[in-house]
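**Student:** What would the 3D arrangement of this be:
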Amino acid sequence: MVEKLKSILRPIPWSLVLRVFAFGVGWLLLPFWVFVFLALYFYFFPFFQPLKLILHFVILLFFMAVIPPSFLSAVFFSVLFYILLGLKDFIFIERAPAHEMLFLLFILLLSTQFYFSIDAHYGMAALFYSFLAFAIFFLLGRSAFLGRQAAPPDRGISDRALVSLFVLSFLLCQFLLATSALPLNFLYQSAIFFLSAAVLTESVFDYSFGTLTSRRLLANFSVFLVFIVLILGSVPWGL
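**Tutor:** Below you'll find the model as predicted:
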């Protein structure tokens, strides 16, 4: 994942950075309805394939509407918007890592808001939102699959990739529900879920495109075990 992030951030297109900076500052300081017009301008101009990632943009605006403005949230949303514009405007040379990183950041955003908003005792509400999460995982994951495959996007994705994406979305949805029952703070729940989702997504993507090897699989789950021990070790367990 570190290598993917490095490929996204190098070289830095400063015109894009300035737009993203104005995007984050605008969300913090402007009334939201004014900010929406600013965000629409930054997204649609230059007018180049605006519908390609429109779902990502709409979901991003939705979360920005329901989450109270803060500096850390502004930084996170700005990073998401940076990758989103970089993909839409074909600024990134290596697009596959950027697509996957965008997918994982949306997973982090959705899971954090889910655990913050949903109490484990509210079974029906948690169940409804988990099905909504499944739909979002599937739709955004499809875009990530299309961004990674060698064939043109208008040809769709292969049957193998489609089945893999469905299984991945279902597993993420189920694990989202299961993790909400843990007696932990929502930040720990989000960290555990995101770590699991990142390792699972990496493995499923590798399998779908024929690059999964036993060595890569071992490396993925070794990283998972190390970080899960660190996360659980930092939890203030009570007697």
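
**Student:** Report the rounded mean pLDDT for the longest helix along the chain.
**Tutor:** Across the chain, the longest stretch assigned as helix under DSSP state H is helix 123-148. Mean pLDDT, helix 123-148: 80.

**Student:** Determine how far that helix lies from the middle of the whole chain.
**Tutor:** 11 Å (C-alpha atoms, centre = their mean, to the nearest Å).

**Student:** CA atoms only: put the very next helix or strand once past that helix into CSV for me.
**Tutor:** Using DSSP states H and E, the helix or strand that directly follows helix 123-148 along the chain is helix 159-180. C-alpha atoms of helix 159-180 as CSV (Å, rounded to 0.1, in the frame of the first residue of the first chain):
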residue,chain,number,x,y,z
ASP,A,159,-16.9,-13.0,-15.2
ARG,A,160,-14.1,-14.1,-12.9
ALA,A,161,-13.5,-10.5,-11.7
LEU,A,162,-17.3,-9.9,-11.3
VAL,A,163,-17.7,-13.0,-9.1
SER,A,164,-14.6,-12.0,-7.1
LEU,A,165,-16.0,-8.5,-6.6
PHE,A,166,-19.4,-9.9,-5.5
VAL,A,167,-17.7,-12.2,-3.0
LEU,A,168,-15.4,-9.4,-1.8
SER,A,169,-18.3,-7.0,-1.3
PHE,A,170,-20.3,-9.7,0.6
LEU,A,171,-17.4,-10.5,2.9
LEU,A,172,-16.8,-6.8,3.6
CYS,A,173,-20.5,-6.3,4.4
GLN,A,174,-20.6,-9.3,6.8
PHE,A,175,-17.3,-8.3,8.5
LEU,A,176,-18.7,-4.8,8.9
LEU,A,177,-21.6,-6.2,10.9
ALA,A,178,-19.5,-8.6,12.9
THR,A,179,-17.0,-6.0,13.9
SER,A,180,-19.7,-3.7,15.1
